[in-house]
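A.B. asks: mind looking at a prediction? Sequence and model below.
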Amino acid sequence: MSKIKLEAPFREFRGKICKHSDIIYKEMYGTQFTSQVCNPYTGEPSAAQTTQRERFAQAKANVAALSPEEVTAYKEAFKKYPGKYKTLNGYMLAKEMAKIGE
């Protein structure tokens, strides 16, 4: 039999709630977050936003293409930073983004 976790839509909310807001309720790393997006930007992304998206996509592709030896090296280096990075994937993405440059 499956288990169901019932919860209120959100436990606390601050700020103005208006009819055109998108309320977001999510749980990440064991912490619950509630936020809203009021009047989200719907225009075309700027040149800087497009560049950043392309850099991130390239970093994700680089992480996906890593060999097992490179992943092992990243795991060993990740152990040296016990509070700075939460996950190995975040650490690898940060390092790959740094390789791509600004």
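C.D. replies: All right, it came through fine. Everything numeric here is computed off the predicted structure, so don't read it as measured data.
A.B. asks: going by C-alpha atoms from here, please, whenever you check contacts or count neighbours.
C.D. replies: Noted.
A.B. asks: for residue 96, give me its contacts.
C.D. replies: 59, 62-63 (C-alpha atoms under 8 Å, 6 or more residues apart in numbering).
A.B. asks: mind checking the SS state of it?
C.D. replies: Applying DSSP: H, G, I helix; E, B strand; the rest coil to residue 96 yields a three-state assignment of helix.
A.B. asks: where does residue 41 land in three-state SS?
C.D. replies: Three-state assignment for residue 41 (three-state DSSP): coil.
A.B. asks: i'd like the first residue to be 18 from this point on
C.D. replies: Yes, from this point I'll number from 18; that puts the last item at residue 58.
A.B. asks: just so I have it, where are all the strands in the protein?
C.D. replies: Taking DSSP state E, the strands of the chain run over residues 39-45, 48-54.
A.B. asks: residues near residue 78, how many?
C.D. replies: 13 (other C-alpha atoms under 10 Å).
A.B. asks: gap between it and residue 97?
C.D. replies: Between residue 78 and residue 97 the distance is 24 Å, computed by C-alpha to C-alpha, to the nearest Å.
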